[in-house]
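Asker: Quick one: sequence plus predicted model below, questions after.
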Amino acid sequence: MTNEQQWTTQGPDQTRAIAGEIARSLPAGSVIALVGDLGAGKTCFVQGVAEALGVTEPVSSPTYTLVQEYSGLAPLVHIDLYRTGGSEEVWQLGLDEYWGGKGLVAIEWPQHVAEFLPACTCWIELSHGTHEEERVISRNLRGTP
């Protein structure tokens, strides 16, 4: 039995749809760790999560604000750690206060805090496919990077 699920999408709409399916399968309080190169579709994925949670406002990457909170049928916390330093610096921000809430937490560049994430974190890797809009989405079912 494999410990990974994988999808290939042909554009942003399909990427958001897969993200929505995954979001709906997770219990409240879950953390989604999004790994991938720049432009791989991490923010697009979070947009799909937001749609699944009933968020109606536009979702963009919080690269400069680090954290963006959204309200919907359930709350969504979107964290982007691209511009942060080591895990100690990130830990001092108190991001662990978001774990286990009533909604979902999506973290871009989670490598900076991997050792602090809950054991049940849903790890998602996004990568470029064979053409410009194609993406490969891999979900690790073991909860580890």
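Answerer: Thanks, I have the structure now.

Asker: in this protein, which spans are strands?
Answerer: 4-9, 31-35, 67-70, 76-80, 104-108, 122-128, 135-140 (DSSP state E).

Asker: who does the lengthiest helix in the chain touch, helix- and strand-wise?
Answerer: Secondary structure of the chain per DSSP state H: the longest helix is helix 12-25. Contacts defined by 3 or more CB pairs under 8 Å, 6 or more residues apart in numbering; DSSP states H and E place helix 12-25 against strand 4-9, helix 42-52, strand 122-128, strand 135-140. The way it works is simple: take the backbone N, C-alpha and C, and place the C-beta from them, glycine included.

Asker: Out of these, indicate the one that is most buried.
Answerer: Among the helices and strands packed on helix 12-25, helix 42-52 has the highest mean neighbour count (mean count of other CB atoms under 10 Å), at a mean of 24.

Asker: now the angle between strand 135-140 and that one, please.
Answerer: Here helix 42-52 runs at 70 degrees with respect to strand 135-140, directions being taken by axes from the mean of the first three to the mean of the last three CA atoms, to 10 degrees.

Asker: Would you mind getting the angle between helix 42-52 and helix 12-25?
Answerer: Using the same axes, to 10 degrees: helix 42-52 against helix 12-25 is 60 degrees.

Asker: quick revisit: show residues contacting the longest helix of the chain.
Answerer: Contact with helix 12-25 is made by 7, 9, 32, 41, 44-49, 51-53, 104, 122, 124, 126, 133, 135, 137, 139, as judged by CB atoms under 8 Å, 6 or more residues apart in numbering.

Asker: Using CSV, write out every CA atom in that helix.
Answerer: Only the C-alpha atoms of helix 12-25 are listed here, as CSV (Å, rounded to 0.1, in the frame of the first residue of the first chain):
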residue,chain,number,x,y,z
PRO,A,12,-5.5,26.5,-11.8
ASP,A,13,-9.2,25.5,-11.7
GLN,A,14,-8.3,21.8,-11.4
THR,A,15,-5.6,22.6,-8.8
ARG,A,16,-8.2,24.5,-6.7
ALA,A,17,-10.7,21.7,-7.1
ILE,A,18,-8.2,19.1,-5.8
ALA,A,19,-7.3,21.4,-2.9
GLY,A,20,-11.0,21.7,-2.1
GLU,A,21,-11.4,18.0,-2.0
ILE,A,22,-8.5,17.6,0.3
ALA,A,23,-9.7,20.4,2.6
ARG,A,24,-13.1,18.9,2.9
SER,A,25,-11.5,15.6,3.9
